[in-house]
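>>> dropping the sequence and predicted coords here.
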Amino acid sequence: MTPRDMVLTRQGLRFMGRMWPCTIGKGGIRAEKREGDGGTPVGVHRIVGLLYRPDRMARPTDWAVPIRPGDLWSDDPTHEDYNLMVRAPYPYSHEILRRGDRLYDLVIITDWNWPRAEKGGGSAIFLHRWRRPGYPTEGCVAFRPDHLHRIAGLIRHGTRLIVPEALT
């Protein structure tokens, strides 16, 4: 591990000398992740991107990419674009990135099952805003909005999310 690693623990996410409260997937920690199981996958996941809503906030870092109307994330394991950002119109199963709620106003993207996705291995493990404390996600790791913004500002090249198997 390095000082730049984010480590998921039973108490929260340990990163940059502090503990950040967070929620995980409703399926718990999974060593064998599958599409739709609601699990947060065990492993060492590199941070590969940062998306934000420019109509709701200023650019949080110089490497953040705006979420535009029509931006989607494919979660259809039968399609060649599985686990990739796609654009509307997209007739296959997907998540809308420019949501009406605020969950995806700021999204930190991990390399889970990316860039060459194993079909059915689970799509998009993001770090994003939580609905409320303790409310589980579909497999992502979620934070208080102000904490998520601070975490995004602390991420550097080489930052990883580590989800230990010991948490299963």
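Yep, it's here.
>>> shouldn't His149 be within a helix?
Yes - under DSSP: H, G, I helix; E, B strand; the rest coil, His149 sits within a helix.
>>> got a pLDDT number for it?
As predicted, His149 sits at a pLDDT of 98.
>>> what does Pro115 give?
Note for Pro115: predicted pLDDT of 88.
>>> any figure for the gap between it and Asn83?
Here the distance between Pro115 and Asn83 works out to 8 Å (CB to CB, to the nearest Å). For glycine as for every other residue, the C-beta is placed from the backbone atoms N, C-alpha and C.
>>> and those two? Which one has more around it.
Per other CB atoms under 10 Å, whichever of Pro115 and Asn83 has more neighbours is Asn83, with 24 against 8.
>>> distance of that one from Arg14?
The gap separating Asn83 from Arg14 is 27 Å, by CB to CB.
>>> Pro115 sits in which helix or strand?
In the assignment (DSSP states H and E), Pro115 maps to no helix and no strand.
>>> do Tyr92 as well
Secondary structure assignment for Tyr92, by DSSP H and E: no helix or strand.
>>> next: Gly153.
helix 145-154.
>>> let's verify Ile47: helix, strand, or coil?
Following three-state DSSP, we place Ile47 in the strand state.
>>> confidence score at it?
Looking at Ile47, its pLDDT stands at 97.
>>> Thr168 now?
pLDDT for Thr168: 68.
>>> before we move on, what about Met6?
Residue-level pLDDT assigned to Met6 equals 98.
>>> also Leu106?
pLDDT at Leu106 comes out at 98.
>>> partners of the most centrally placed residue in the chain in the sheet?
Residue closest to the average C-alpha location in the chain (CA atoms, centre = their mean): Phe126, at 0.5 Å. Applying DSSP bridges to Phe126 yields these beta-bridge partners: Ile109.
>>> surely it and Asp105 touch.
No - the criterion here is CB atoms under 8 Å, and Phe126 misses it with Asp105 at 11.8 Å.
>>> so, low pLDDT: which residues of the protein?
168 (pLDDT under 70).
>>> let's see 80
In the predicted model, the chain carries pLDDT under 80 at residues 1, 3, 168.
>>> what residues are up against Asp71?
Listed by CB atoms under 8 Å, 6 or more residues apart in numbering, the contact set of Asp71 reads 51, 85, 87-88, 96-98.
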